[in-house]
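Trainee: Build the 3D model from these lines:
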Amino acid sequence: MSDSFLALDIPEQPAAAQPYRVLARKYRPQTFSQLIGQDAMVTTLGNAIKRGRLAHAFLLTGVRGVGKTSTARLIAKALNCIGPDGQGGPTIDPCGVCEPCRAIAEGRHIDVIEIDAASNNGVDSVREMTEAVRYAAVSARFKIYIIDEVHMMSTPAFNALLKTLEEPPAHVKFLLATTEVHKVPVTVLSRCQRFDLRRIPADLLAGHFAHVVEAEGVEAEPEALQLIARAAEGSARDGLSILDQAIAHGGLDGEGVRADAVRQMLGLSDRGAIRGLFDLLLKGDAPGALKALRAQYDLGVDPASVLRTLLETVHAVTIVKVGGDRGPGQSAEERAAFDAWSALSFPMLHRLWQLLLKGHEEVSRAALPIEACEMALLRIVHASSLPDPGTLAKQLAAGQVPAMAAPAAPAPAPAAAEVAADPLPETAEQVAGLLSKHGRHSLEAQFRNCARLIRLAPQLIELSGARPLPADFTRDLEVALKGITGSHWRVLIGEGTGDPTLREQETAKAESEREQVLKSPLVQAALAAFPDATLDHWQRSDGSIAR
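Mentor: Reported below is the predicted structural model:
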């Protein structure tokens with residue numbers, strides 16, 4: 001019988017696809033040289049290792065994403081590294097190739113125990129740990145306990161840890177990490193060597209992100225990386241998470257990470273548009289400022305984000321005025337604009353800061369954020385023409401009467417004869433028209449947006465209190481109408497809902513007109529012929545265009 005065998009042609013199985021690792025995990029620092037923004041701590045640890053002055057317990061604190069847990073793992077590697085030849089000792093530059101280094105990096109070293117204090121915060125968990133502390137390390141030089149979010153431990157658990165934390169065996173090191181160091185008892189703090197990890201500067205983060213996108217083979221605009229770095233607020237993990245999202249947002253068409261896409265993704269306001277809005281505020285152009293704000297709001301920008309960017313603008317202008325560091329992220333257009341605005345006086349800049357800060361606080365907790373933002377900007381427009389306290393004091397000392405003209409109406413106030421020519425208003429629209437005619441645009445906007453009319457009689461206006469009104473609105477309206485008509489007016493807050501505001505009436509009228517246009521035979525025929533068509537705008541009977 002001849003020898004024979006059966007050969008089976010088995011197709012080669014494709015290798016299993018590796019699961020995707022997010023950038024925040026993929027680019028976690030593996031050496032102290034890769035840990036950005038913490039040079040002081042690295043220097044201190046390096047000197048302590050070289051001189052053999054290693055503490056038995058370290059406390060790492062700082063905001064989220066600055067490298068507390070990563071630093072704890074690096075310290076564990078530095079203390080247990082044996083070098084490529086197996087003869088090395090503790091070093092600030094662990095080799096990363098020996099078995100202890102690789103096992104710690106992969107989270108599988110038996111002598112490096114990571115404990116989540118949020119889920120192991122009881123006294124029983126601490127008692128188990130203190131019992132295990134007595135036994136020597138299995139294969140490493142030191143047995144290391146990394147306790148993350150240590151502030152979550154209960155008071156009895158802290159008390160049970162104190163004695164072991166103060167006098168542990170020579171082969172044990174404790175590494176504690178927390179974001180809320182004020183919640184850690186003083187008795188624990190006094191037994192640890194504390195390191196406060198700093199927020200990472202935006203320029204360092206942007207440079208780090210540039211290396212990451214280069215390693216990932218993704219194109220990215222420098223301005224986009226600067227936006228991500230600023231949005232990260234000093235946190236490398238937050239920034240890498242945003243960068244991961246921005247890369248995915250770019251899609252597969254090769255567009256990469258673009259600044260406008262990042263701005264849209266994060267809901268940030270366009271800095272060029274904000275500079276234009278800031279210029280309108282300084283000029284006292286109330287209608288233009290409100291229009292610019294609405295344009296940003298229609299693009300999906302949060303009103304609080306607009307005010308925050310305006311606050312950053314005022315701060316940047318003030319820094320330029322005092323001759324401080326401009327920062328690396330400013331464009332040429334920003335530099336030119338800030339140089340021009342630096343001619344503003346310090347009282348003016350401080351006043352703008354306070355008004356914007358108050359407006360940001362109001363918008364953050366307002367039921368109507370965009371309306372609150374509009375009111376805040378109108379307050380700034382009104383204040384932009386007022387003299388600063390120093391100038392006002394000089395004018396009063398010189399016996400001069402300070403000019404308090406409205407910002408949008410720099411022309412001289414009309415003469416008494418001209419004022420008397422205006423008839424008393426009979427409707428709410430006529431009241432708004434008088435305010436607009438005489439340059440009281442801020443008051444007119446408040447009247448149109450907020451005032452619900454209950455009764456209008458000669459020299460008497462009664463408004464509903466169902467919708468909150470600014471504190472000084474009634475007084476300002478009385479003064480304005482007296483100055484315009486020459487008659488004394490009373491503005492009261494009564495009970496009842498009142499009529500809809502003028503803005504609500506305009507909106508309702510526009511919706512009614514739109515419905516009528518859509519129901520017309522011509523439009524119905526057009527929509528039937530083109531089902532995907534939509535009504536963009538139409539011409540009213542008076543020739544104006546409505547949308």
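Trainee: Sketch out the low-pLDDT regions of the stretch 301-450 of the chain for me.
Mentor: Where the stretch 301-450 of the chain drops to pLDDT under 70, the residues are 325-332, 384-422.
Trainee: quick one: the helices in it?
Mentor: For the stretch 301-450 of the chain, applying DSSP state H, counting those that start in this stretch gives helices covering 303-321, 332-341, 346-364, 369-384, 389-397, 416-420, 428-437, 441-450.
Trainee: a helix runs through A72, doesn't it?
Mentor: Yes: using DSSP: H, G, I helix; E, B strand; the rest coil, the secondary structure at A72 is a helix.
Trainee: Pretty sure it sits against F174.
Mentor: No: using Cβ atoms under 8 Å, A72 makes no contact with F174, being 9.9 Å away. For every residue, glycine as well, the C-beta is placed using N, CA and C.
Trainee: of all the helices of the stretch 301-450 of the chain, which lies closest to L281?
Mentor: Nearest of the helices of the stretch 301-450 of the chain to L281, taken as Cβ to Cβ: helix 369-384 at 5.2 Å.
Trainee: Next, the buried residues of the closest one.
Mentor: Buried residues in helix 369-384, counting neighbours by 16 or more other Cβ atoms under 10 Å, are found at 369-384.
Trainee: if we can go back for a sec, among the helices of the stretch 301-450 of the chain, which is nearest D499?
Mentor: Closest approach to D499 among the helices of the stretch 301-450 of the chain is made by helix 428-437 (7.3 Å; Cβ to Cβ).
Trainee: what helices or strands is that closest one leaning on?
Mentor: Packing partners of helix 428-437 (3 or more Cβ pairs under 8 Å, 6 or more residues apart in numbering; DSSP states H and E): helix 441-450, strand 453-457, helix 473-485, helix 502-519.
Trainee: Out of the ones you listed, which one sits most buried?
Mentor: Mean neighbour count (mean count of other Cβ atoms under 10 Å) peaks for helix 441-450 among the helices and strands packed on helix 428-437, with a mean of 22.
Trainee: Return the list of helices and strands in contact with it.
Mentor: helix 286-298, helix 369-384, helix 428-437, helix 473-485, helix 502-519.
Trainee: how about a cut-off of 10 Å?
Mentor: In terms of contacts (3 or more Cβ pairs under 10 Å, 6 or more residues apart in numbering; DSSP states H and E), helix 441-450 is packed against helix 286-298, helix 369-384, helix 428-437, strand 460-464, helix 473-485, helix 502-519.
Trainee: Just after the fifth one, pick out the following helix or strand.
Mentor: Going down the chain from helix 473-485, the next helix or strand is strand 490-494, by DSSP states H and E.
Trainee: so where is the protein shaky, pLDDT-wise?
Mentor: Using pLDDT under 70, the flagged stretches of the chain are 1-18, 251-254, 267-270, 325-332, 384-422, 465-467, 537-547.
Trainee: Surely K173 and I147 touch.
Mentor: No: using Cβ atoms under 10 Å, K173 is not in contact with I147; the gap is 11.5 Å.
Trainee: between the two, what contacts are shared?
Mentor: With contacts taken as Cβ atoms under 10 Å, 6 or more residues apart in numbering, K173 and I147 have A57, A72 as neighbours in common.
Trainee: Q524 and F530 touch, don't they?
Mentor: No: counting by Cβ under 10 Å, Q524 stays clear of F530, with 11.6 Å between them.
Trainee: shared neighbours of A72 and F174, anything?
Mentor: With Cβ under 10 Å, 6+ apart as the test, A72 and F174 both reach F58, I144, Y145, I146, I147.
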